[in-house]
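>>> Take this sequence and fold it.
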Amino acid sequence: MQKKFSQYISFFGILFVMLFIVSCANIVAPTGGPQDVTPPLVKSFEPLNYSSNFKERKIKITFNEFVLLADQANQIVVSPPPAEEFEYIIRGKSLLINLPKELKDSVTYTIYFGESIKDITEGNTLTGLEYAFSTCNYIDSLSVSGSVTDAFTLEPSKNVYVLLYRSLADSAPMKHKPDYVTKTNANGLFSLSNLANIPYKIFVLSDMNNDLMYNLPTEAIAFTDSLITPQYIPRKKDTVASKKDSITVKKDSLPTKTVIKQTHLKMFVPTDTTQKLLQARSNKYGQFKLVFKYPTTNLSIQVHNRVLPAKWKLDDYSIKKDTLIAWLLNPAIDTLKFSVFDNGVFIDSVDLSIKQKSTENASKKPSGKGSPIDDNSVKPIVYFNAKASGSLPYYMPLKISVSNPVDSTDFSKIILSEKIDSNYKALPIEIKASETGIKRHFFINQKWKAKTTYQILVLPGAFKNIYGSKNDTTKITFTSNTVEDYGRLLFTFKTSDFQAPYILQLLNDSKAVIAEKSTTKSGQLIFDNLPPASYHLRIIRDANNNGKWDSGDYLRKIQPEAVFSFPEVITIRANWDSDFEFTL
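Here you go, the predicted model:
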């Protein structure tokens with residue numbers, strides 16, 4: 001018995017030791033310390049930064065940790081632009097730069113590294129690193145700095161080229177590569193260092209074709225009205241300070257009395273005033289659609305492939321007159337070849353296959369510019385600006401729209417009813433057709449009762465279209481809301497400069513224009529019937545008094561119209577007046 005007991009003790013002892021060993025062997029994730037957020041630091045430059053009489057063909061920059069180059073094509077800029085590209089190679093903790101055989105004489109070169117240098121572990125970015133050297137016995141020491149923003153949105157223009165020219169000719173950006181170049185950072189800021197003491201022409205370019213020249217009409221640009229002169233900003237030479245295992249490069253320090261001049265530029269895409277036909281398409285039976293780049297003024301169409309009567313279509317223009325829907329009085333026409341003119345000026349030639357009703361032509365795809373949308377319906381479809389079981393704003397008339405032009409109407413077959421208890425009572429109504437365009441839109445101006453349910457019933461035969469087809473029955477119910485569902489903005493605008501009117505645009509969070517008002521004097525402007533939400537306000541100085549913002553023109557020395565942003569978020573609450581004031 002004692003022997004068995006001894007065996008049990010021995011067995012459990014061995015088992016305990018084995019479990020202890022296994023538990024000790026379990027791998028547990030290390031808790032670690034704080035995340036590394038420190039960017040790489042320069043340990044040394046070979047040759048020294050800001051070397052003169054430079055004869056070397058290689059540059060070596062060593063960091064305190066392993067690094068990598070990110071997006072070097074967009075981030076690294078050499079100024080002045082060399083005839084041959086510099087070559088960049090990462091080897092461990094060092095960046096090697098191979099230079100071309102030929103460099104310009106008596107020039108100070110600066111390499112701006114942007115945000116290209118990151119540590120290899122956490123991706124921390126070293127920003128603001130520059131390396132400069134001179135091929136003569138002195139280093140140019142002047143600087144220009146500033147910012148670039150979008151002229152309309154006022155957002156920073158990031159990663160665009162800032163160019164300096166010794167040539168003061170207006171044609172310089174279009175005929176020559178710049179003498180100095182850099183790029184803006186993510187905040188739209190730029191700095192050009194190591195410049196000679198002469199005045200420069202400054203120019204900003206998006207450079208869509210990467211040739212450092214302004215030669216595309218769609219390239220965004222910015223310029224100043226006068227030349228700029230760089231300034232001297234005292235700089236201490238780089239020194240290396242050692243502390244334990246870390247090596248840092250002390251940054252340049254500025255005397256407290258030094259005021260750094262900033263050049264602020266507004267970037268814009270010059271307006272291309274050439275009228276263009278953007279889309280020509282027959283998507284629906286009996287019609288074709290033309291979309292233009294700008295509003296038309298006196299549009300005419302000359303048909304070449306058939307003889308048509310003087311009145312062969314009905315023209316349905318958009319509000320801005322930049323889109324035309326032409327309804328064919330003879331929808332059996334299957335093809336049209338025509339030329340488009342505006343004010344007698346030729347715009348484009350069009351070859352269209354017209355959408356047909358018959359199923360035998362269903363496989364024939366419409367031709368032209370743009371993406372097709374299939375619609376083979378000839379029967380007039382009735383729809384409303386109120387959604388079924390939805391609400392209609394208390395201040396808005398009920399709009400009845402028909403899918404194609406109306407030839408005749410019978411308003412006795414349109415019944416508007418008000419729900420009282422559980423029954424609907426018909427109301428006397430007056431229906432008016434839209435005063436502009438062709439007969440497709442009709443309005444019922446009614447004084448809606450608050451929180452009341454209505455029903456609109458359109459019986460067959462209320463509308464007959466130009467093709468002799470009549471509508472089917474359409475019925476929806478909707479509810480009117482009240483003035484208490486909306487808020488008002490009372491905005492007081494003050495300025496001493498009223499040589500031009502100002503346009504105030506109320507924007508939603510998506511920066512879409514919700515409401516717009518123009519003023520020629522200081523005072524209060526009221527934006528009413530605003531749904532509860534957050535809004536922003538943009539102010540445009542309408543220099544040419546044409547009711548809209550206009551871009552600039554470089555060759556005519558016209559800057560884009562000035563835009564200002566109200567700095568606060570405007571919060572609108574239901575049944576509440578919100579007061580704000582802004583002095584420009």
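
>>> Any idea how many residues pack against Lys284?
Lys284: 23 surrounding residues under other CB atoms under 10 Å. Where you see a C-beta, it was placed from the backbone N, CA and C, and this is true even at glycine.

>>> Please apply the same query to Ile466.
Applying other CB under 10 Å, I find that Ile466 has 19 neighbouring residues.

>>> swap in Lys320?
Counted with other CB under 10 Å, Lys320 comes out at 10.

>>> Check Ile325 too.
There are 22 residues near Ile325, going by other CB under 10 Å.

>>> In contact with the residue nearest to Glu484 when sequence neighbours are not counted, which residues are there?
Distances taken as CB to CB, 6 or more residues apart in numbering place Asn575 nearest to Glu484, at 4.2 Å, with adjacent residues excluded. Neighbouring residues of Asn575 by CB atoms under 8 Å, 6 or more residues apart in numbering: Val483, Glu484, Asp485, Tyr486, Gly487.

>>> and if you look at Asp485?
Counting by CB under 8 Å, 6+ apart, Asp485 touches Tyr394, Pro531, Ala574, Asn575.

>>> before we move on, the earlier item: now render the contacts of Asn575 as a markdown table, adding pLDDT.
Output for those, formatted as a markdown table (pLDDT from 0 to 100):
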| residue | pLDDT |
| --- | --- |
| Val483 | 95 |
| Glu484 | 95 |
| Asp485 | 96 |
| Tyr486 | 97 |
| Gly487 | 97 |
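
>>> Which one of those residues is nearest to Ala169?
Of all the contacts of Asn575, the one with the least separation from Ala169 (CB to CB) is Gly487, at 55.1 Å.

>>> Isn't that closest one up against Ser534?
No - using CB atoms under 8 Å, Gly487 is not in contact with Ser534; the gap is 11.5 Å.

>>> anything in contact with each of those two?
Joint contacts of Gly487 and Ser534 (CB under 8 Å, 6+ apart) are Ile572.

>>> who's more crowded, the two?
Between Gly487 and Ser534, counting by other CB under 10 Å, Gly487 is the more crowded of the two (23 against 11).

>>> give me the number of residues near the nearest residue to the more buried one once chain neighbours are set aside?
Leaving out its chain neighbours, the residue that sits closest to Gly487 by CB to CB, 6+ apart is Ile572, at 4.0 Å. Counted by other CB under 10 Å, the residues lying close to Ile572 total 19.

>>> Are we agreed that the residue nearest to Glu484 is in a helix?
No - under DSSP: H, G, I helix; E, B strand; the rest coil, Asn575 falls outside any helix and is assigned coil.

>>> residue boundaries of the helices in the stretch 151-300 of the chain?
For the stretch 151-300 of the chain, helices defined by DSSP state H, counting those that start in this stretch occupy the ranges 172-175.

>>> Now for the residue positioned nearest the centre of the chain: which residues touch it?
Nearest residue to the geometric centre of the chain (CA atoms, centre = their mean): Thr153, 8.2 Å. For Thr153, the contacting residues are Lys511, by CB under 8 Å, 6+ apart.

>>> Mind giving me the packing neighbours of the strand or helix carrying Lys419?
For Lys419, the element it lies in under DSSP states H and E is strand 414-420. If contacts are counted by 3 or more CB pairs under 8 Å, 6 or more residues apart in numbering; DSSP states H and E, strand 414-420 sits against strand 423-426, strand 453-458.

>>> Helix or strand next in line after the first one, which one?
Later in the chain than strand 423-426, the nearest helix or strand by DSSP H and E is strand 431-433.

>>> What of the last one?
The first helix or strand that comes after strand 453-458 along the chain, using DSSP H and E, is strand 463-465.

>>> what's in contact with that next one?
Strand 463-465 is contacted from outside by 378, 380, 382, 402, 404-410, 470-471, using CB under 8 Å, 6+ apart.

>>> top of the residues you listed by neighbour count?
Asn404 (26 neighbours).

>>> That one touches Gln287, doesn't it?
Yes - between Asn404 and Gln287 there is a contact under CB under 8 Å: 7.4 Å.

>>> what's the overlap in contacts for those two?
Trp327.

>>> For Gln287, which residues are in contact?
Contacts of Gln287 by CB under 8 Å, 6+ apart are Ile325, Ala326, Trp327, Leu328, Lys355, Asn404.

>>> how far away is the residue nearest to Glu484 from Asp528?
12 Å (CB to CB, to the nearest Å).

>>> if you go through the stretch 51-200 of the chain in chain order, where are the strands?
58-63, 67-69, 77-79, 87-91, 94-98, 108-112, 117-119, 125-126, 130-134, 142-150, 161-165, 180-183, 189-195 (DSSP state E, counting those that start in this stretch).

>>> list the helices and strands the first one packs on?
For strand 58-63, the contact count by 3+ CB pairs under 8 Å, 6+ apart identifies strand 42-46, strand 94-98, strand 130-134 as packing neighbours.

>>> which one of the ones you listed is the most hemmed in?
strand 130-134 (a mean of 20; mean count of other CB atoms under 10 Å).

>>> and the angle from that one to strand 94-98?
Orientation check (axes from the mean of the first three to the mean of the last three CA atoms, to 10 degrees): strand 130-134 against strand 94-98 gives 40 degrees.

>>> what does strand 130-134 rub up against?
45, 47, 49-54, 59, 61, 97, 107-113, 139-140, 193-194.

>>> Domain boundaries for this protein, per the record?
42-232, 277-369, 382-484, 486-583 (automatic domain parsing).

>>> possible to save these as CSV with distance to Asp36?
Converted to CSV, the domains of the chain look like this (distance: least, CB to CB, whole Å):
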stretch, distance to Asp36
domain 42-232, 5
domain 277-369, 52
domain 382-484, 55
domain 486-583, 36
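
>>> and those domains, which one is worst for confidence?
Note on the domains of the chain: domain 277-369 shows the lowest mean pLDDT, a mean of 88.

>>> overlap in contacts of Asn575 and Asp528?
Tyr486.

>>> what residues are up against the residue lying closest to Lys101 once chain neighbours are set aside?
Nearest non-adjacent residue to Lys101, counting by CB to CB, 6+ apart: Arg57, 7.3 Å away. Each residue near Arg57 by CB under 8 Å, 6+ apart is listed here: Asn98, Leu99, Lys101.

>>> sorry, back to before: would you mind listing the buried residues in the strand holding Lys419?
For strand 414-420, the neighbour count (16 or more other CB atoms under 10 Å) marks Ile414, Ile415, Leu416, Ser417, Glu418 as buried.

>>> how close does the nearest residue in space to Ala220 that is not next to it in sequence sit to Ala186?
Leaving out its chain neighbours, the residue that sits closest to Ala220 by CB to CB, 6+ apart is Ser206, at 4.2 Å. Distance, Ser206 to Ala186, using CB to CB: 16 Å.

>>> Quick check on the two: which one has the bigger neighbour count.
Neighbour count, other CB under 10 Å: between Ser206 and Ala186, Ser206 has more, with 17 against 11.

>>> gap between the nearest residue to Leu329 once chain neighbours are set aside and Leu68?
Distance criterion CB to CB, 6+ apart; nearest residue to Leu329, sequence neighbours excluded, is Trp312 at 5.8 Å. Trp312 sits 67 Å away from Leu68, going by CB to CB.

>>> Asn124 contacts Ile117, correct?
No - the criterion here is CB under 8 Å, and Asn124 misses it with Ile117 at 9.6 Å.
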